[in-house]
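In: Sharing a sequence plus its predicted fold:
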Amino acid sequence: GAVVSQHPSRVICKSGTSVKIECRSLDFQATTMFWYRQFPKKSLMLMATSNEGSKATYEQGVEKDKFLINHASLTLSTLTVTSAHPEDSSFYICSARDELAGGGLETQYFGPGTRLLVL
Amino acid sequence: AQTVTQSQPEMSVQEAETVTLSCTYDTSESDYYLFWYKQPPSRQMILVIRQEAYKQQNATENRFSVNFQKAAKSFSLKISDSQLGDAAMYFCAYRRATSYDKVIFGPGTSLSVIP
């Protein structure tokens, strides 16, 4: 089946630095990808919808200048956490929708997630 | 705004027994999709089962089945013959039928399977 990869799987960075997380759809193209944040034992919170070739749509309360999203191609979306601080430490998950999967239900596939620790 | 509620933060079931996880949602839409996702300790999200709101027949996938009550806005998941590998967080989720729309997740239910 369709696979979505994320890189890196784990990253540790110093406070004040920026971190880029990549999300790739490996055997399908996705005009729309989604970025979620998940705290321990909590649900997935949608941060933004990444649209290929256009600006991302951010959820209320998510700082667009803090979490930069670039969807430069039909198989790649990146999330950059700028000037990271310890409170940005979290588990970040992306998902990509295979709009050609058929049946009108277009299946959404999730990446394995990226664990970010900001010291 | 659409919301998804899971009233059971934690559940446990004896191996080989049956367990039902509850989910309710709120929407003013008539056409939408409902999902149950499983998140094991690896944290990889896995789609367990999905239901299209316009279909009256309850979806079934092997040992997993749902009880979809559209009027009551209820969407419970039944796991039969529970196995140790079923232990995970289970999230109920909703999406409008509009293309490219986002998925809204419930708070999750942590399921433990007792050997």
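Out: It's in.
In: At the contact with chain B, which residues of chain A appear?
Out: When proximity is defined by Cβ under 8 Å from any Cβ of the partner chain, chain A lies next to chain B at A:31-32, A:34, A:38, A:41-44, A:46, A:49, A:91, A:93, A:95, A:97, A:99, A:105-108, A:110, A:112-113. Every residue, glycine included, has its C-beta placed from N, CA and C.
In: what ranges of chain B fall below the confidence cut-off?
Out: Residues of chain B meeting the criterion pLDDT under 70: B:99-100.
In: Up against chain A, what does it have?
Out: With the criterion set to Cβ under 8 Å from any Cβ, chain B comes near chain A through B:33, B:42-45, B:47, B:50, B:52, B:89, B:91, B:99-100, B:102-108, B:110.
In: Just the buried ones from those?
Out: Neighbour counting by 16 or more other Cβ atoms under 10 Å in any protein chain shown classes B:33, B:45, B:47, B:50, B:52, B:89, B:91, B:102-108 among these as buried.
In: What part of chain A, helix or strand, is modelled with the least confidence?
Out: Each helix and strand of chain A was given a mean pLDDT (mean pLDDT, DSSP states H and E); the minimum falls on strand A:108-110 at a mean of 89.
In: Correct me if wrong: B:Glu10 contacts B:Gly108.
Out: No. B:Glu10 sits out of contact with B:Gly108 when judged by Cβ atoms under 8 Å, with a separation of 9.7 Å.
In: Tell me which residue lies nearest the centroid of chain B.
Out: Taking Cα atoms, centre = their mean as the criterion, B:Trp36 is the residue nearest the geometric centre of chain B, at 3.1 Å.
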